[in-house]
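Novice: Have a look at this prediction, sequence included:
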Amino acid sequence: MKIGIIGATGYGGLELIRLLHNHPEAQYIDLFTSSEEGIQFSNKYTHLMNIYDQALLPIEHNRLTGYDVIFTSTPSGVSSEILPSLIGRGPKLIDLSGDFRLKNPIDYEQWYQKTPAPLDAIDRSVYGLTEWNEALINQASLIANPGCYPTAVLLSLLPLLKENLIDGENLIIDAKSGVSGAGNKPSQMTHFSETNENTAIYKIHQHQHIPEIEQAISMFAGITSPITFTTHLVPMTRGILATSYASLKPNVNEKQLISALKETYANHPFVRIIEQSNKFGTNQVYGSNFCDIHVKVDPRTNRATIVSVIDNLVKGAAGQAIQNMNVQFNLNQTTGLQQVPLFI
Ligand SMILES: NC(=O)C1=CN([C@@H]2O[C@H](COP(=O)(O)OP(=O)(O)OC[C@H]3O[C@@H](n4cnc5c(N)ncnc54)[C@H](OP(=O)(O)O)[C@@H]3O)[C@@H](O)[C@H]2O)C=CC1
Ligand SMILES: CC(=O)N[C@@H](CCC(=O)OP(=O)(O)O)C(=O)O
């Protein structure tokens, strides 16, 4: 396969490069930049010395049709300019940004504060939550790869909502992310002295992943109800831990919740249901494409606490993007993605 990565110099791009290096079908990879044309990649990123010594290429739209796959791992507002003219013209397009995820352009405008992608391109895009949308992903020209938080939240909640085991009307979701979730561009929020020895809540009630999660819950579980979703920045580099609190539907018990999760993901190797867990955290999936899920019912409140962990750069971004590429090309979903988590 001939693959192009736009945004190769960013965190998502670097993770695509790391994972594709061990992908048996990724024989040829070009790396594109909007700002560092001609620079030898391994001079910028020493860890890639003797692995990716090639020069970064400029983004020339008329040449992009010559690839089998184009990944865009760019800030919001970029891929909506690059990809629409490429749809159906050869390459499979996989966008890691939020530009094609929200079906209603007014929502995009409101939550991203940017101009939305053209409506016909949004209409043709397929939401790339692999475990839930495989058939459409297989046929798609343009994949809107899910956001990191939505991936962790949706994989844990959808089976329980779909089976009507928990109340979807009053969901409270509390999520925490490592700092790489904010990309490699420094800001006051991600500065070492602001994140070290600190845990902060941010974008309260304004996070752009709120409409994405609500849209997917409606799409896959048929429930249209607003959620309470809060995000926190914690002093670690990778990882997302999402904890949801939901009331049980009448006569539902913990065993049924676990069964629904296990049955849903029985044939999905990247989702692991962890039944016994005194300790459950982001390091058990670090560097891997796993999403681990744990659920516990509190009999005093009749509420379930549903917790999931992913590596934001792998299952939350590049790993899921490659999983989607595998589905598009009728490869086994796990191709190139069988890394064991880096535990310590
Ligand atoms: N980090 C994460 O955990 C996740 C990120 N995402 C999303 O994926 C996308 C990429 O994220 P991430 O890698 O973290 O971001 P980074 O900021 O680390 O990287 C983005 C890259 O995009 C390139 N870029 C910037 N402006 C342009 C432009 N105008 N045209 C083309 N390329 C441009 C830059 O490279 P250059 O200057 O070389 O062109 C830059 O390296 C974002 O939309 C993000 O929201 C989604 C899920 C998880
Ligand atoms: C820690 C951190 O800042 N995370 C980012 C996640 C970025 C992301 O994935 O957003 P889109 O893909 O929707 O652009 C945030 O909360 O905005």
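Specialist: Nice, thanks for sending it over. Numbering: from 1, shown residues only. Ligands and ions are numbered 1, 2, ... in the order given.
Novice: Pop the domain breakdown of this protein in here.
Specialist: The chain breaks down into these domains under automatic domain parsing: 2-146+315-328, 149-312.
Novice: With mean neighbour count and mean pLDDT as added columns, please give those domains in CSV.
Specialist: Where C-beta positions appear, they are placed from N, C-alpha and C, glycine not excepted. Shown next, in CSV, are the domains of the chain (neighbours: other Cβ atoms under 10 Å; pLDDT from 0 to 100):
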stretch, mean neighbour count, mean pLDDT
domain 2-146+315-328, 20, 97
domain 149-312, 18, 97
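Novice: Output the ones you listed in a markdown table; the columns should cover distance to ligand 2.
Specialist: As requested, these are exported to a markdown table (distance: least, Cβ to the nearest ligand atom, whole Å):
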| stretch | distance to ligand 2 |
| --- | --- |
| domain 2-146+315-328 | 3 |
| domain 149-312 | 3 |
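Novice: Tell me which of those domains sits nearest to ligand 1.
Specialist: Using Cβ to the nearest ligand atom as the measure, domain 2-146+315-328 is the one of those that comes nearest ligand 1, at 1.8 Å.
Novice: what about the closest one and ligand 1, touching?
Specialist: Yes: contact of domain 2-146+315-328 with ligand 1 (Cβ under 6 Å from any ligand atom) involves 6-7, 9-13, 33-36, 59, 73-76, 78, 96-97, 316-317.
Novice: same thing with stretch 194-207?
Specialist: No: counting by Cβ under 6 Å from any ligand atom, ligand 1 has no neighbours in stretch 194-207; the shortest distance is 11.8 Å.
Novice: What's the end-to-end length of that stretch?
Specialist: One end of stretch 194-207 to the other measures 20 Å (Cα to Cα, to the nearest Å).
Novice: residues making contact with it?
Specialist: Contact with stretch 194-207 is made by 111, 149, 176, 179, 188-189, 228-235, as judged by Cβ atoms under 8 Å, 6 or more residues apart in numbering.
Novice: one step back: can you tell me which of the domains of the chain comes nearest to V340?
Specialist: Checking the domains of the chain against V340 by Cβ to Cβ gives domain 149-312 as the closest, at 6.7 Å.
Novice: Endpoints of the closest one, how far apart?
Specialist: Using Cα to Cα, one end of domain 149-312 lies 8 Å from the other.
Novice: Quick one: distance of that domain to the chain centre.
Specialist: Averaging C-alpha positions (Cα atoms, centre = their mean, to the nearest Å) puts domain 149-312 12 Å from its chain's average.
Novice: Then stretch 116-135?
Specialist: Centroid displacement of stretch 116-135 relative to its chain, using Cα atoms, centre = their mean, is 14 Å.
Novice: Also stretch 1-12?
Specialist: Chain-centre distance of stretch 1-12: 16 Å, with Cα atoms, centre = their mean.
Novice: Kindly check the end-to-end length of stretch 333-344 for me.
Specialist: Stretch 333-344 has its terminal residues 26 Å apart, counting by Cα to Cα.
Novice: Fine, thanks again, bye for now.
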